[in-house]
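Participant: Generate coordinates for the sequence data below:
(chains A and B)
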Amino acid sequence: MRLPGLKLERVLVLTGREAVKISVISIIVAFIIFSIFLFLEGANPIDAYKHIFSYAFDPKLGLQTTIHRSILLLFATLAFILPLKAGFWNVGMEGQLYLGTVGAFTVAYAYGDLPSGILIPLMLIAAGLFGAIYGAFAGFLRGKLGVNEIVITLMLNLIGYWLLYTLVVGGPWMGIAESQSKPLPVSAWAPMIWKMPFTVFFAPAISVILYFLFRRSNIGFQIRTLGSSQPAAEHAGINPLKISVFVMAVGGAIAGLSAYHMWAGDPSFHVIPRPEAYKAIGDFTYWGIMVGLICILNPLAAIPASIFVGSLKEGGTVLVRRLGLTYGLDYVFLGILFLTFVALQFFYRYRIMRVKKKG
Amino acid sequence: MWPFIVRCLEVSTIFLLAGIGELLDQRSGILNVGIEGLMLLGAASGFITALHTGSLLIGFIVGAVVGGIFGFLHGLFSITLKVNQIVSAMGIWIFAMGFTTFWADRYSGPLKISSPRIGGLSPMFFLAVALVFIVWFVLYKSHIGLKIRSVGEDPLVAEATGINVVRIRYQCVVLGGLLGGLAGAFLSLTYLGLWAHLETGGMGWIALALVLFSMWRPWILLAGALIFGTIWQFAIAPEVVIPGFGLPLGIVRMFPFIATIIVLIAISTPRFRRKWGLAKPAALGLPYIKE
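Facilitator: Residues are numbered from 1 along each chain as shown, chains lettered A, B, ... in the order given. Model (predicted):
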């Protein structure tokens, strides 16, 4: 590629600031492209953005749901970030969420008469454990045999979907309505703090823990070393199998925990809904891939990034109701954002320099 | 029984079209894990086109072209802009999930155009099998195939012998995209004959697994596609093969995905691994950077 007056230069070391700049620019470019899109759909873009964010952050309207879904997304993002730090692609957040659901609801249905103080921790442990086992399975295969973890985690997502389907639709957990599960016992409902389930504080806490894990701990160092170069890591005596099982299991556990947050933390659920509805939540976790990449695998940056995407997702519902646009425009925005981000990753490797004329 | 076999072969056609495109991609060193996305876009655009024009043929063409455009986009990202190939393909996949939800879900429903058939089979099946032969012939018996394979093995050496690495890779990735889009269009226009939310349901990922399983050989890919087509169709309608089949629907539907995991584990055992490692295009997944 030759351009007059400009030349490309390799970027050898990408500073954190440069990377942040690239992410921010990709968000701006996505907004511009999406504005054109909105305009073609027959809406005033500025007006639409005002509607989206005013709805999403209005305490009387969308704020509660915005926070709830943002935290769900944060769980998914963290479950994606941790394995990728070590070089493993965990796209199995959907499946791990479903398995966490199975774990939490098994405990809740079996010991529904226990007091909340015992039942809820048990449910959380079960959700985390089920998710962890699901993740660890893929991690083990990857570490031991080198099986492609992307395909495996994806297959596990689909298996998880049908597992939940078997249990709920006409299965042992069937409720009064055939396609929904039995409701959770009251003692399993998440206690609310300021109208938010207490699990809302879990995900940011995990972000902070992960941040220090990467920065300060021995295992964090091993994870980062393995992520940057497998031969170097093996040379340094790091066991890739141990690390891959560890990161995938913990990632799976984080995604599994989100199941309790999702179904017990939102007063409008307290059940496993019909397959289309829980599938929609499962699809939502895929945006964790984008959030994780855009915040450059930084667990602290993931907090505002998830709130941004969560508010867009929740606020996007007004485009249908108030402006009469087609459903799903928020998905389009996120898709455009992902593509602009991918395109701008070019600047991870190159920068464009102006050539000074000689003489 | 014959209608069941026809359905099996149709699913195999989908795997085969998507898989042979991906095989070509990977032979030239480009890994495109976003076939699922290409299929979704091809399925949606093909379906909507056929719905509006009433012509299946135009639907297939548009589906393939849209797949090709997004294949080109993957090439633009990963060849010219040198973005990580997995990141780029993930981007296209996630974009496709979001975009088809917005764009095609409003047309959810049946198509009501019946496909032409030869002995009950769609002509597309014969095209797919012919493609296997063509790709095999091109890869192993022709000059251009030698170029493709050498680009996938070692682009630096290929470049030194006067092969235009970038052009070969673009050709392969666009062709792979076309076939991915065509596979999607075949899914929505002939096999299902309807549009439903994210209707590919993991088929693209199975196609990707089949390419890994095939050790990048077209004929093994054909065998794999036939086996998985049968498993997939059995999971849809088990009672046709075994009357009074007792397992719940959800469990049966897991079969293709469980089978995929088993196959991937099997080809990763140390015995297979050695053969597999030799067959793998050495430059697969690596961006080609000229210094």
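
Participant: Can you check my assumption that residue A:43 lies in a strand?
Facilitator: No - counting by DSSP: H, G, I helix; E, B strand; the rest coil, one finds residue A:43 to be coil, located in no strand.

Participant: Can you classify the nearest residue to it once chain neighbours are set aside as helix, strand or coil?
Facilitator: Using Cβ to Cβ, 6 or more residues apart in numbering or on different chains and skipping the chain neighbours, the partner closest in space to residue A:43 is residue A:323 (5.3 Å). Glycine gets a C-beta too; all of them are placed from N, C-alpha and C. Of the three states, residue A:323 takes coil according to three-state DSSP.

Participant: thought residue A:323 was touching residue A:49?
Facilitator: No - when contacts are counted by Cβ atoms under 8 Å, residue A:323 is not listed as touching residue A:49 (11.4 Å).

Participant: starting at the chain centroid, how far to the strand or helix carrying residue B:26?
Facilitator: Element membership for residue B:26, per DSSP states H and E: helix B:2-27. Chain-centre distance of helix B:2-27: 7 Å, with Cα atoms, centre = their mean, to the nearest Å.

Participant: List the buried residues of that helix.
Facilitator: Using 16 or more other Cβ atoms under 10 Å in any protein chain shown as the test for burial, helix B:2-27 gives B:6-27.

Participant: Those: which ones sit near chain A?
Facilitator: When Cβ under 8 Å from any Cβ of the partner chain is taken as the criterion, no member of these contacts chain A.

Participant: re earlier: what's the helix holding residue B:26 packed up against?
Facilitator: Contacts defined by 3 or more Cβ pairs under 8 Å, 6 or more residues apart in numbering or on different chains; DSSP states H and E place helix B:2-27 against helix B:35-53, helix B:123-141, helix B:143-153, helix B:165-186, helix B:203-213, helix B:218-236.

Participant: Could you export the ones you listed as JSON lines, including distance to residue B:251, mean pLDDT and mean neighbour count?
Facilitator: JSON lines is the format used below for the helices and strands packed on helix B:2-27 (distance: least, Cβ to Cβ, whole Å; pLDDT from 0 to 100; neighbours: other Cβ atoms under 10 Å in any protein chain shown):
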{"stretch": "helix B:35-53", "distance to residue B:251": "23", "mean pLDDT": "95", "mean neighbour count": "27"}
{"stretch": "helix B:123-141", "distance to residue B:251": "29", "mean pLDDT": "94", "mean neighbour count": "16"}
{"stretch": "helix B:143-153", "distance to residue B:251": "40", "mean pLDDT": "92", "mean neighbour count": "19"}
{"stretch": "helix B:165-186", "distance to residue B:251": "27", "mean pLDDT": "95", "mean neighbour count": "27"}
{"stretch": "helix B:203-213", "distance to residue B:251": "18", "mean pLDDT": "93", "mean neighbour count": "27"}
{"stretch": "helix B:218-236", "distance to residue B:251": "9", "mean pLDDT": "94", "mean neighbour count": "21"}
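
Participant: To residue A:177, which of these lies closest?
Facilitator: helix B:218-236 (25.4 Å; Cβ to Cβ).

Participant: For the residue in the stretch 151-291 of chain B positioned nearest to chain A, pull up the helix or strand it's in.
Facilitator: Nearest residue of the stretch 151-291 of chain B to chain A (Cβ to the nearest Cβ) works out as residue B:250 at 3.1 Å. Residue B:250 is part of helix B:249-267 when elements are defined by DSSP H and E.

Participant: and that helix, what other elements does it pack with?
Facilitator: helix A:116-145, helix A:149-168, helix B:203-213, helix B:218-236, helix B:270-279.

Participant: Redo the ones you listed as TSV? Include distance to residue B:159.
Facilitator: Below are the helices and strands packed on helix B:249-267 laid out as TSV (distance: least, Cβ to Cβ, whole Å):
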stretch	distance to residue B:159
helix A:116-145	33
helix A:149-168	29
helix B:203-213	25
helix B:218-236	26
helix B:270-279	23
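
Participant: and of these, who's closest to residue B:114?
Facilitator: Here helix B:218-236 is closest among these (Cβ to Cβ), at 19.4 Å.

Participant: next structured bit after that closest one?
Facilitator: Sequence-wise, the next helix or strand downstream of helix B:218-236 (DSSP H and E) is helix B:238-241.

Participant: right, is that following helix up against chain A?
Facilitator: No - judged by Cβ under 8 Å from any Cβ, helix B:238-241 stays clear of chain A, getting no closer than 13.6 Å.

Participant: Render the CA-only coordinates of that helix in PDB, please.
Facilitator: What follows is helix B:238-241, C-alpha atoms only, in PDB (Å, rounded to 0.1, in the frame of the first residue of the first chain):
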ATOM      1  CA  PRO B 238     -34.600 -40.000  15.300                       C
ATOM      2  CA  GLU B 239     -38.000 -41.700  15.200                       C
ATOM      3  CA  VAL B 240     -37.700 -42.200  11.400                       C
ATOM      4  CA  VAL B 241     -34.700 -44.500  11.800                       C
END
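
Participant: how about that helix: buried residues?
Facilitator: residue B:238.

Participant: Quick one: mean pLDDT over it.
Facilitator: Mean per-residue pLDDT for helix B:238-241: 84.

Participant: for stretch A:31-39, same thing?
Facilitator: In this model, stretch A:31-39 has a mean pLDDT of 89.

Participant: how about that stretch, does it reach chain B?
Facilitator: No - using Cβ under 8 Å from any Cβ, stretch A:31-39 stays clear of chain B, coming no nearer than 9.7 Å.

Participant: residues from the stretch 151-291 of chain B in reach of chain A?
Facilitator: Counting by Cβ under 8 Å from any Cβ, the stretch 151-291 of chain B sits next to chain A at B:197-198, B:201-202, B:205, B:208-209, B:212, B:248-251, B:253-254, B:257-258, B:260-261, B:264-265, B:268-269, B:273.

Participant: Now which of those residues would you call buried?
Facilitator: Counted by 16+ other Cβ under 10 Å, these give B:197-198, B:201-202, B:205, B:208-209, B:212, B:250-251, B:253-254, B:257-258, B:260-261, B:264, B:268 as buried.
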